[in-house]
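Q: Prediction below, plus the sequence it came from.
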Amino acid sequence: MKIASEISHLLSSKPARRKCCLPLDEEEPFFHSCASMVVFTSFLGLNSLLLLSVNIYTASQITTLEKHFNLRSSHIGFLFIANQIGSILSLAVFIYMSKDLHRPTFLAFSGIFSGIGFLICALPYFITPVPKHNSKHSTNLISTLSSTLNNSRVPCSHEYDQQSKHANIAGYYIMLAAMIFIGICRGPTEPISTVHIDDNVPPVSFSCYMSIAGPLSVVSSSLVSILGSFVSRVYITLQATTLKPSDAEWVGAWWLGFVILGIMIIFFSLPLIIYPRQNPYECTKSIPLKGK
């Protein structure tokens, strides 16, 4: 009888409430609905979808980046390696520390800093020279020929080429550092999110919750490829030009995709901050009962 009463007390008792990071009233029905693990997993799936897009989007812009920065394919390939190096460096450290972390807050700030990393990837566009081609600048052929034949302008042109080369190198290293930073931020996201979901849902429901995030991550490749195709058809300066996407001189607005993805990652990461360390509104894990 004593064992039966203790089991009844465990099943009827409510888990202790845990405070979230923001001063919200946990008695409000709105908080109950938002604190659902289904909502949390949905935001997490969208976040994972966007975080996985960095290599896919960069791969769709290889030709554009080579034209803009005058790089070889090996340089672009090292951007992918740098991202993976960042993920490996952070994975072991943060997984070991995850038991002491406020996981939803960590996942939120991981996404926010990853979004900042995406925005940093777009920064080289604003500090490196871009090709300028417009009908107003190309119709006067005589003026162009006379300027090229003027010997006094050759040193200035050489100096400009050197400045452009240095700016392109600086822009490449900024992107390289940003890719490492993104890798460090996104590396532990998937394992920590999996552990958090496993600790806050009944074992029988774990696969159902993971199936919410899974399909969202799968469609990332197609959606990001569509985004890459769209920005490749927009000229890099976002201004009208006589060039066409089929022209050899065409350079797409590669930086625009990084800005869009960075803003979206930050937007979908912010709601994760409100979630508590342990969700008190989900069913607790079942306690195995010994037979007589």
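A: Received, thanks.

Q: Break down the stretch 151-292 of the chain into its helices, ranges please.
A: In the stretch 151-292 of the chain, the helices defined using DSSP state H, counting those that start in this stretch lie at 154-186, 189-200, 206-218, 220-232, 254-269.

Q: Now do stretch 219-233: everything it contacts.
A: Stretch 219-233 is contacted from outside by 48-50, 52-53, 56-57, 60-61, 64, 245, 252-254, 256-257, 260-261, using Cβ atoms under 8 Å, 6 or more residues apart in numbering. For every residue, glycine as well, the C-beta is placed using N, CA and C.

Q: Any buried residues in that stretch, and which?
A: The neighbour-count check on stretch 219-233 (16 or more other Cβ atoms under 10 Å) flags Ser220, Ser221, Val224, Leu227, Gly228, Val231, Ser232 as buried.

Q: mind saving the C-alpha coords of it as PDB?
A: Once non-C-alpha atoms are left out, stretch 219-233 reads as follows in PDB (Å, rounded to 0.1, in the frame of the first residue of the first chain):
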ATOM      1  CA  VAL A 219      14.100  20.900 -48.000                       C
ATOM      2  CA  SER A 220      16.900  23.300 -47.200                       C
ATOM      3  CA  SER A 221      19.000  22.300 -50.300                       C
ATOM      4  CA  SER A 222      16.200  23.100 -52.700                       C
ATOM      5  CA  LEU A 223      15.000  26.300 -51.100                       C
ATOM      6  CA  VAL A 224      18.600  27.700 -50.800                       C
ATOM      7  CA  SER A 225      19.300  26.700 -54.400                       C
ATOM      8  CA  ILE A 226      16.300  28.700 -55.500                       C
ATOM      9  CA  LEU A 227      17.600  31.600 -53.500                       C
ATOM     10  CA  GLY A 228      21.000  31.200 -55.100                       C
ATOM     11  CA  SER A 229      19.500  31.100 -58.600                       C
ATOM     12  CA  PHE A 230      17.400  34.300 -57.900                       C
ATOM     13  CA  VAL A 231      20.300  36.400 -56.600                       C
ATOM     14  CA  SER A 232      22.500  35.200 -59.500                       C
ATOM     15  CA  ARG A 233      20.100  36.900 -61.800                       C
END
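
Q: Find the residue closest to Gln84 in space, skipping its chain neighbours.
A: Gly183 (6.3 Å; Cβ to Cβ, 6 or more residues apart in numbering).

Q: how many neighbours does the one you found have?
A: Using other Cβ atoms under 10 Å, Gly183 has 25 neighbouring residues.

Q: Ok, Phe126 next?
A: 9.

Q: Got the confidence number for it?
A: Note on Phe126: pLDDT of 88.

Q: Which element, helix or strand, includes it?
A: For Phe126, the element it lies in under DSSP states H and E is helix 124-127.

Q: Show me which positions of that helix end up buried.
A: The neighbour-count check on helix 124-127 (16+ other Cβ under 10 Å) flags Pro124, Tyr125 as buried.
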